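Novice: 3D model of this:
(chains A and B)
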Amino acid sequence: GAVVSQHPSWVICKSGTSVKIECRSLDFQATTMFWYRQFPKQSLMLMATSNEGSKATYEQGVEKDKFLINHASLTLSTLTVTSAHPEDSSFYICSAPTSVSYEQYFGPGTRLTVT
Amino acid sequence: GNSVTQMEGPVTLSEEAFLTINCTYTATGYPSLFWYVQYPGEGLQLLLKATKADDKGSNKGFEATYRKETTSFHLEKGSVQVSDSAVYFCALSLTGNQFYFGTGTSLTVIP
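Specialist: All right, here's what the predicted structure looks like:
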C-alpha cells in the first residue's frame, strides 16, 4: 500500500536554530498534506494543511512564522521550525489523504528535541 | 467542539485475553469514527472505521460499533495476540481531512 515517509525520524537541535522536517508520499501524489503535533500522553493536534502550489492553512493558535510549511512538489511537504525553543520539542507527524474517502496515510513521525 | 476521549493506558493483557478500549466522542455534526493503530517505528495505520450510527467496523478480529446514543466507539477483540501490541488511537472526522484524535492507549500482550 501507499506509504508516507518522514525524515529525519529524530533530531536534536540547539535553541535558536532552525530545523527542517520532510514528509514524502512514496508511491502516490498528494496535493494536500497535513501536519500534526503530539505532546507526550496527549492527542495529535492538527497544526496546518499543506497545499501544493499555494500557501499552507494554519490552525488557530499556530504561529505561521515559526512553523514554515512548503509544499514543493506533489510528493514532498516540508515543515521548518524556525528559531526553535525547548517548548517546540515534540513529536511531529504528517499525513496525506488516500483515494478512499475519509482515509489518510500517516508518516512515522519525527521526534524533535530542542536543547 | 469536537473531541475524543479514550481510556488511558497502558494496558497489559495475557495472550488470548479479551480486549476492550473505551472511546467516547463529542462532535458538532455527524462524524465518521476511526480506530488507528501504531506499531513501534511506524506510522498510524487505519484499523477500522464506521461512517454512520449503528455501523460496525471490523478488521483483523477487532470490532467497534458506532453508538450514537452513548456517543461511543469502543474497540474490542475477543482473543488478543502478542502481535497486537501497539498504541491504539480513536479518532473522528467531520470532513475527511481534519481528524480529532484521542490520547492513544498503549497495549502490551504478553505470552
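
Novice: helix, strand or coil for the spatially most central residue of chain B?
Specialist: Residue closest to the average C-alpha location in chain B (Cα atoms, centre = their mean): B:W35, at 3.5 Å. At B:W35, secondary structure determined by DSSP: H, G, I helix; E, B strand; the rest coil is strand.

Novice: how close does the residue nearest to it when sequence neighbours are not counted sit to B:T28?
Specialist: Nearest residue to B:W35, sequence neighbours excluded (Cβ to Cβ, 6 or more residues apart in numbering or on different chains): B:L47, at 4.4 Å. C-beta: built from backbone N, CA, C; applies to glycine. Separation of B:L47 from B:T28 (Cβ to Cβ, to the nearest Å): 25 Å.

Novice: Between these two, point out the one with more neighbours.
Specialist: B:L47 (21 against 8; other Cβ atoms under 10 Å in any protein chain shown).

Novice: Any buried residues in stretch A:30-47, and which?
Specialist: Neighbour-count burial for stretch A:30-47 flags A:A30, A:M33, A:F34, A:W35, A:Y36, A:R37, A:Q38, A:S43, A:L44, A:M45, A:L46, A:M47 (criterion: 16 or more other Cβ atoms under 10 Å in any protein chain shown).

Novice: out of those residues, what pair is the most spread apart?
Specialist: A:A30 and A:S43 (23.0 Å; Cβ to Cβ).

Novice: can you pull the contacts of B:T108?
Specialist: By Cβ atoms under 8 Å, 6 or more residues apart in numbering or on different chains, the contact list for B:T108 reads B:P10, B:V11, B:T12, B:L13, B:S85.

Novice: Just the element for the closest residue in space to A:A30 that isn't next to it in sequence, please.
Specialist: Closest residue in space to A:A30, ignoring its immediate chain neighbours: A:A96 at 3.8 Å, by Cβ to Cβ, 6+ apart. Taking DSSP states H and E as the definition, one finds A:A96 inside strand A:90-97.

Novice: In its sheet, which strands sit next to that strand, and in what direction?
Specialist: Strand A:90-97 sits in its sheet next to strand A:32-38 (antiparallel), strand A:104-106 (antiparallel), strand A:110-114 (antiparallel), going by DSSP bridges.

Novice: which other residues reach it?
Specialist: A:2, A:4, A:6, A:21, A:23, A:25, A:28, A:30, A:32-39, A:44, A:50, A:77, A:79, A:103-112, B:43-44, B:96-97, B:99.

Novice: Separate out the buried members of these.
Specialist: Buried among these (16+ other Cβ under 10 Å): A:4, A:6, A:21, A:23, A:25, A:28, A:30, A:33-38, A:44, A:50, A:77, A:79, A:104-110, A:112, B:43-44, B:99.

Novice: Confidence-wise, which helix or strand of the chain is lowest on average?
Specialist: Unless you meant another one, I'm taking chain A. strand A:104-106 (a mean of 87; mean pLDDT, DSSP states H and E).

Novice: oops, chain B please
Specialist: Least confident helix or strand, chain B: strand B:99-101 with a mean of 89, by mean pLDDT, DSSP H and E.

Novice: List the strands paired with the helix or strand following that strand, with their directions.
Specialist: Note on strand B:99-101: by DSSP H and E, the next helix or strand toward the C-terminus is strand B:105-110. Using DSSP bridges, the strands paired with strand B:105-110 are strand B:11-14 (parallel), strand B:86-93 (antiparallel).

Novice: Show me which positions of strand B:105-110 end up buried.
Specialist: With the criterion 16+ other Cβ under 10 Å, strand B:105-110 contains buried residues B:T105, B:L107, B:V109.
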